[in-house]
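Engineer: 3D, please:
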Amino acid sequence: MSKVDRDVVVAGAGPAGVAAAVALAARIGAERILCLDKARFPRDKPCGGGLTGHAHAAMAALGLRVRVPRVPCVQGRIVYGSSRHDVALERPVDIVRRREFDADLVEQARERGIEIVTGEGMADFTVDGAAGQVAIRTTRGRHLIARALVGADGAGSRVRRAVSADDRPPLRLFQAEVDTPPELAEQVAGRMIYDFSLMARGLRGYLWLFPAPDGRLNVGAMHTTSIKKSGAEIEALLRDGLAPYGIVLRDEARGWPAWRFRSRARLGAPHLICVGDAAGIDALTGEGIAVGLEHGPIAADAVERALATGDFRFVDYGRAVRRAVVGRELALDARLAAMLYAPRTANLWLSLILFDRRVQQLYAARVSGSEVLADRGGALLAALARHAVTAPGRLARLRAAA
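Structural biologist: Below is the predicted model:
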């Protein structure tokens with residue numbers, strides 16, 4: 001048995017890694033934790049940058065604050081062709097730049113005494129079950145010994161690959177930040193736009209336009225893989241979808257993959273645990289910030305318990321995530337995404353989202369953080385009952401709007 005350098009190494013210093021480290025520091029002490037990230041902060045991170053009510057609640061629970069420029073959005077707009085529907089948000093969603101937001105989270109963790117080493121990531125690792133340790137080699141060639149390794153290392157997570165194989169193709173997202181066209185400024189002032197018009201052309205997802213700090217605009221597209229499309233095809237659809245808004249993309253868009261949360265996927269293995277993008281993001285919206293922040297305390301509870309008992313199998317961690325609000329919401333959204341983005345049923349469920357005011361209000365409350373949609377089974381069943389009666393008319397309206 002080798003000498004342990006730190007009880008816990010966290011691979012990745014994005015929101016999920018910081019949340020896990022901060023939550024662990026409050027439980028076991030910052031001196032027992034080391035966080036590594038191959039990037040140097042601030043670093044670019046393509047993302048919509050929306051801090052929902054759940055993200056704010058998770059940050060408050062961790063004692064973290066939003067200290068970077070942000071644009072509060074008090075309304076969401078759902079668009080499909082000529083159809084537009086606005087819905088008020090009980091609590092604003094703040095749009096931030098991930099470059100600034102993530103860097104400040106790292107600083108807040110350091111202010112709590114947590115050692116975060118940047119410019120040095122995890123190159124590989126080996127679990128020694130007999131010794132009860134994880135041997136980690138960093139990208140600088142350092143060798144570290146830990147008792148637990150928290151995988152917050154994103155969509156390309158090495159920890160995820162060791163914990164749970166996933167042969168399904170990932171979500172694809174493309175994002176850019178552009179100047180807001182003057183003629184669009186009023187439309188996006190305090191409003192997030194979700195445009196599903198491109199579903200008529202094979203996009204299985206949506207286009208977003210969010211107001212960003214400094215008068216800029218965060219735009220992007222999410223595509224699930226129920227219809228196979230190359231990155232070039234998705235980027236071309238993004239450009240086409242932005243054209244009616246007066247936005248011309250040149251080379252600004254950046255694409256990245258993301259794994260969808262799966263309720264049955266393993267999230268832990270002996271001495272290994274996954275959080276954030278490594279555990280899977282929201283399959284319906286592509287939301288990842290709140291998910292990662294909410295995973296942190298759940299992972300911290302599991303690691304604290306393992307350190308106290310000596311049982312590092314983490315067999316109950318996946319169950320704990322699934323039972324938590326974040327897991328229940330992710331499981332619901334996985335089911336909704338399977339319906340909305342399936343080629344044969346897309347229009348049926350899209351017409352429900354577009355033309356059922358109560359569904360829009362429920363989802364807005366969920367985004368604001370005042371509603372756990374997974375616990376509103378009765379309201380969702382009522383929406384399905386209404387849709388069973390009104391679907392033919394709604395589908396006709398959808399065709400007319402295209």
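Engineer: rest of the way, CA atoms for contacts and neighbours
Structural biologist: Noted.
Engineer: buried sites along the helix or strand containing residue 146?
Structural biologist: Residue 146 is part of strand 143-151 when elements are defined by DSSP states H and E. In terms of neighbour count (16 or more other Cα atoms under 10 Å), strand 143-151 has its buried residues at 144-151.
Engineer: who does it pair up with?
Structural biologist: Strand pairing for strand 143-151, using DSSP bridges, gives strand 6-11 (parallel), strand 133-138 (antiparallel), strand 272-274 (parallel).
Engineer: I'd assumed residue 66 was in a strand, is it?
Structural biologist: No - Residue 66 is assigned coil when assessed by DSSP: H, G, I helix; E, B strand; the rest coil, not a strand.
Engineer: local confidence estimate at the spatially closest residue to it that is not a sequence neighbour?
Structural biologist: Once flanking residues are discounted, residue 66 sits nearest to residue 101: 7.5 Å by Cα to Cα, 6 or more residues apart in numbering. In this model, residue 101 is scored at 98, pLDDT.
Engineer: ditto for residue 2
Structural biologist: On the pLDDT scale, residue 2 is placed at 79.
Engineer: just residue 167 next, same as before
Structural biologist: The score at residue 167 is 66. That number is its pLDDT.
Engineer: any idea which of the strands paired with strand 143-151 is most buried?
Structural biologist: Ranked by mean neighbour count, the strands paired with strand 143-151 are led by strand 272-274 with a mean of 29 (mean count of other Cα atoms under 10 Å).
Engineer: in the helix or strand just after that strand, what counts as buried?
Structural biologist: Past strand 272-274, further along toward the C-terminus, the next helix or strand under DSSP H and E is helix 289-309. Residues 289-304, 306 are the ones in helix 289-309 that count as buried (16+ other Cα under 10 Å).
Engineer: quick one: contacts of stretch 244-253?
Structural biologist: With contact meaning Cα atoms under 8 Å, 6 or more residues apart in numbering, stretch 244-253 is reached by 174-178, 181, 184, 220, 235, 239, 242.
Engineer: of those, buried ones?
Structural biologist: 174-178, 220, 235, 239, 242.
Engineer: would JSON lines of the residues you listed with pLDDT, secondary structure and distance to residue 134 be doable?
Structural biologist: What follows is the buried ones among the contacts of stretch 244-253, written out as JSON lines (pLDDT from 0 to 100; DSSP: H, G, I helix; E, B strand; the rest coil; distance: Cα to Cα, whole Å):
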{"residue": "174", "pLDDT": "94", "secondary structure": "strand", "distance to residue 134": "35"}
{"residue": "175", "pLDDT": "95", "secondary structure": "strand", "distance to residue 134": "36"}
{"residue": "176", "pLDDT": "95", "secondary structure": "strand", "distance to residue 134": "38"}
{"residue": "177", "pLDDT": "95", "secondary structure": "strand", "distance to residue 134": "40"}
{"residue": "178", "pLDDT": "95", "secondary structure": "strand", "distance to residue 134": "44"}
{"residue": "220", "pLDDT": "96", "secondary structure": "strand", "distance to residue 134": "39"}
{"residue": "235", "pLDDT": "93", "secondary structure": "helix", "distance to residue 134": "40"}
{"residue": "239", "pLDDT": "94", "secondary structure": "helix", "distance to residue 134": "46"}
{"residue": "242", "pLDDT": "97", "secondary structure": "helix", "distance to residue 134": "47"}
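Engineer: quick one: which of these is nearest to residue 372?
Structural biologist: Of all the buried ones among the contacts of stretch 244-253, residue 372 sits closest to residue 220, with 26.3 Å by Cα to Cα.
Engineer: which residues sit in contact with the residue nearest to that closest one when sequence neighbours are not counted?
Structural biologist: Excluding its sequence neighbours, the residue lying closest to residue 220 (Cα to Cα, 6+ apart) is residue 175, at 4.0 Å. Residue 175 makes contact with 46-48, 218-221, 253-255 under the criterion Cα under 8 Å, 6+ apart.
Engineer: tell me which of the contacts of stretch 244-253 is nearest to residue 203?
Structural biologist: Residue 203 has its nearest neighbour among these in residue 235, at 10.6 Å by Cα to Cα.
Engineer: wait, that closest one touches residue 174, no?
Structural biologist: Yes - using Cα atoms under 8 Å, residue 235 makes contact with residue 174 at a distance of 6.7 Å.
Engineer: may I see the buried residues of stretch 260-273?
Structural biologist: Of all the residues in stretch 260-273, those buried under the rule 16+ other Cα under 10 Å are 260-263, 266-273.
Engineer: make TSV out of those residues and add pLDDT, secondary structure and distance to residue 75.
Structural biologist: Formatted as TSV, the buried residues of stretch 260-273 follow (pLDDT from 0 to 100; three-state DSSP; distance: Cα to Cα, whole Å):
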residue	pLDDT	secondary structure	distance to residue 75
260	91	strand	26
261	93	coil	27
262	89	coil	30
263	85	coil	31
266	93	coil	37
267	96	coil	35
268	96	strand	38
269	97	strand	42
270	97	coil	45
271	97	coil	43
272	98	strand	40
273	97	strand	37
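Engineer: appreciated, that's everything.
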